[in-house]
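after the sequence you'll find the predicted model.
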Amino acid sequence: MKYNLLEELTDISAFPGEESKIHELIKREISGYAEEIKSLKTGSMFAIKLGTPGKCSIMLDAHIDEVGAIVSGITDEGFLRMQSNFIDPKILPGSIVEIHGKQEIKGIIGIKPFHLTHEEDLKKAFPIKELFIDCGLNKKEIEEIVSVGDSVTFYPSFSKINELVSNKALDDRIGVYVIIEIFKRLKKISPIMNVVGHFASQEEFTTFGAITSTYVLKPDCAVAIDVTHGFSPNVSKQEGFELGKGPAVFIGPSTDRVINRKIIDTSQKYGIPLQKEVGILSGTDATYIQTVEKGVPVGVVSIPIRYMHTPHEVADPQDIEKTINLLSLFIQEIDGSFLEALYGEH
Amino acid sequence: MENIDFIEKLSNAFGVSGDEREVVEILKEEVKGDVESIKVDAMGNLIAMKGLEKSGFKVMLNAHMDEVGLIVTAIDENGFLLFKKVGGIDDRVLSGKKVIVGENKFKGIIGAKAIHLQKKEEIEKTIESDYLTIDIGAKNKEEAEKFAPLGSLVAFDTKFEKLNDKYYIGKAFDDRLGCSIVASLLKYDFNFPIIALFSTQEEIGLRGAVTGAYQYTPDISITVEGTISADIPEVKEHLKCSKISQGPVITVKDKSVITDHKLREKLISIAKKENIPYQFKQVIAGGTDSSKIQLTKGGVRILTVAVPVRYIHSPVSLFFQDDYENTLKLLFKFLNSLKEENYGTTN
């Protein structure tokens, strides 16, 4: 697997509502492989590859926003206060962030030195309201660049960890990467359905992008490609999936059983390892795409990552490759009988 | 700033207490043209000397090469590394950080459980370092043992950077800033012999300086540090210890030592004469090599002077260029003013 594109995709910062920053890169990558590419006022964008005969369409969805915080105040000394409901404040002390003001600036989240901290206080986790960002600027200087309401994201730092990869925002630029790579293969596949690549805004917040684009694009079915929790110490094998053992298909009321069957059959036919994630509602765009208008049959294929919503999420490139293979073959396998079964069910 | 490339190299170097070899090499390379003798002793200390033919009192310039970090103590059945802390680190800065592991320099992540999987009471509770693990992407225990054998030292993986105009961020400013200042002072000739002691294992009990000072005992010793600056929100004015941009920090008393009154008065008079800002370390906290050097043989007159640094002992700290330059300048002017009759071996 070539890492360059995944690195580029994860290095860009796009807090919910600021997704247009990433559109240009997606356009550059996908433009040779789609008949139509469009950015929407919602911050989402989509690309369409027409199928033959292309009477129906399948939407592949991945979200382009990422977690972060919002500047909620500036202290007299020039430190920034922040709020967030996406991230665990425990990971913030000692980390580097990017503040998206009039220009992008870096800041660090420091805490009182160890030497001056009472022993009983060492056990107390900081709530986010007690933390602050230090940009090395005084109040006057920082107010020229940063205002309350500006967004804050983790500072990118792409790494290879042995054979694994790590950066912020693998959730869900991995999904974006998968869709781009599938588009590059569509010409060879010549699917019978139109394939819509949807790059959704604000998944981390309200799934605004997925809901509104589904209304606009009216796909006949959809598959969300997102991340799920990987196994690691403190995360049991019930809670997380082992890395390197392939993507996970979500099985439960918020996904469609015909789509699930097809994904599972495809994996078995081609010998692609696939794990099963069982739950009620998947925490992805698909749950919300499903209930737009008269309803959309949806599936979810997730790549396991460790340490979700932290500056150093970790994924196995082999799982990413397997997901690209699986979903490309899934599209290739779509035939009349699948469509019949799909609509027969509804 | 003149020294910035050198500081960058030192800050990025791996040098957790017990393996300061990379820092030794950088410093050796930097000072070799300026000194007459370079030695590395059994503790790993680097000792560089110049002006040895000069008579009279000897002055030691001291900075420690080591930094705080972690050490691999066990490997779990899935290949994740368990560790202990090397030196004083607040458990709360560890979660979700990138690290460099062992002699093979493997990249690793101190994994943090996703917020989605935490119960409310977990979110509000600090995770003690004994319950954290390092992920080096090993496929199993055997592979992890090969990549990071027990005893591997672990440093924060933080790259030195300019934050803005005059602020810099990076790791290990405590005490690579001191190392760079001492190395810079070696470029000048003074009227007395200089012993530069770049010490090891300061963070685990001021250990290297003990043998260094015993072998090369000076009359006067100045320890140059990167010290605590807690000029951050919610810290009371008198507890800030020192403040960024207020100049070199002069220690009167810390947890381990009372500095030499006569020398300190001289240092302050030089600062005033040269219009160099300075501040006193205002909280009796921390200890430095100077406390061990002071107790060597029949006793050594000592001073401790430091660049104020925010967030020391964490993955990323910050310093202000003027503070660094003023510390270097103050020490240079001070050394130039030292005279045998006032500060020599007899009084």
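Structure received.

doesn't residue A:269 lie inside a helix?
Yes: looking at residue A:269 with DSSP: H, G, I helix; E, B strand; the rest coil, it is inside a helix.

okay, now it: neighbour count?
10 (other CB atoms under 10 Å in any protein chain shown). For the C-beta atoms, the positions are set from N, CA and C on the backbone; glycine is no exception.

wait, what's in contact with it?
A:329, A:333 (CB atoms under 8 Å, 6 or more residues apart in numbering or on different chains).

now swap in residue B:243 and tell me
Counting by CB under 8 Å, 6+ apart, residue B:243 makes contact with B:229, B:231, B:279, B:308.

tell me how far it lies from residue B:28.
34 Å (CB to CB, to the nearest Å).

which parts of whichever strand or helix holds residue B:29 are buried?
Using DSSP states H and E, residue B:29 falls within helix B:21-31. Residues B:21-24, B:26-28, B:30-31 are the ones in helix B:21-31 that count as buried (16 or more other CB atoms under 10 Å in any protein chain shown).

tell me where chain A has helices.
Ranges of helices within chain A are A:4-11, A:20-30, A:139-143, A:170-189, A:208-217, A:257-270, A:285-289, A:317-333, A:336-344, based on DSSP state H.

now the stretch 151-300 of chain B
Along the stretch 151-300 of chain B, counting by DSSP state H, counting those that start in this stretch, helices occupy B:173-185, B:208-215, B:261-273, B:290-294.

and the helix ranked longest in chain B, what does it pack onto?
Longest helix in chain B, counting residues (DSSP H): helix B:321-337. Where contact means 3 or more CB pairs under 8 Å, 6 or more residues apart in numbering or on different chains; DSSP states H and E, helix B:321-337 is packed against helix B:173-185, strand B:220-229, helix B:261-273, strand B:301-310.

so how far is the second one from its chain's centroid?
Counting by CA atoms, centre = their mean, to the nearest Å, strand B:220-229 is centred 9 Å from the centre of its parent chain.

orientation of it relative to helix B:321-337 in degrees?
Counting by axes from the mean of the first three to the mean of the last three CA atoms, to 10 degrees, strand B:220-229 lies at 170 degrees to helix B:321-337.

so which elements touch strand B:220-229?
strand B:59-64, helix B:173-185, strand B:249-250, helix B:290-294, strand B:301-310, helix B:321-337.

buried stuff in the fourth one?
To tie it back to what came earlier, the one meant is helix B:290-294. Neighbour-count burial for helix B:290-294, counted by 16+ other CB under 10 Å, picks out B:290-294.

over to the first one?
The neighbour-count criterion (16+ other CB under 10 Å) identifies B:59-64 as the buried residues of strand B:59-64.

could I get the residues you listed as JSON lines with distance to residue A:167 and pLDDT?
Listed next are the buried residues of strand B:59-64 as JSON lines, based on distance: CB to CB, whole Å; pLDDT from 0 to 100:
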{"residue": "B:59", "distance to residue A:167": "49", "pLDDT": "96"}
{"residue": "B:60", "distance to residue A:167": "45", "pLDDT": "98"}
{"residue": "B:61", "distance to residue A:167": "42", "pLDDT": "98"}
{"residue": "B:62", "distance to residue A:167": "40", "pLDDT": "98"}
{"residue": "B:63", "distance to residue A:167": "35", "pLDDT": "98"}
{"residue": "B:64", "distance to residue A:167": "34", "pLDDT": "98"}
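
make JSON lines from the residues you listed and add distance to residue A:235 to it.
Below are these laid out as JSON lines (distance: CB to CB, whole Å):
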{"residue": "B:59", "distance to residue A:235": "56"}
{"residue": "B:60", "distance to residue A:235": "51"}
{"residue": "B:61", "distance to residue A:235": "50"}
{"residue": "B:62", "distance to residue A:235": "46"}
{"residue": "B:63", "distance to residue A:235": "42"}
{"residue": "B:64", "distance to residue A:235": "38"}
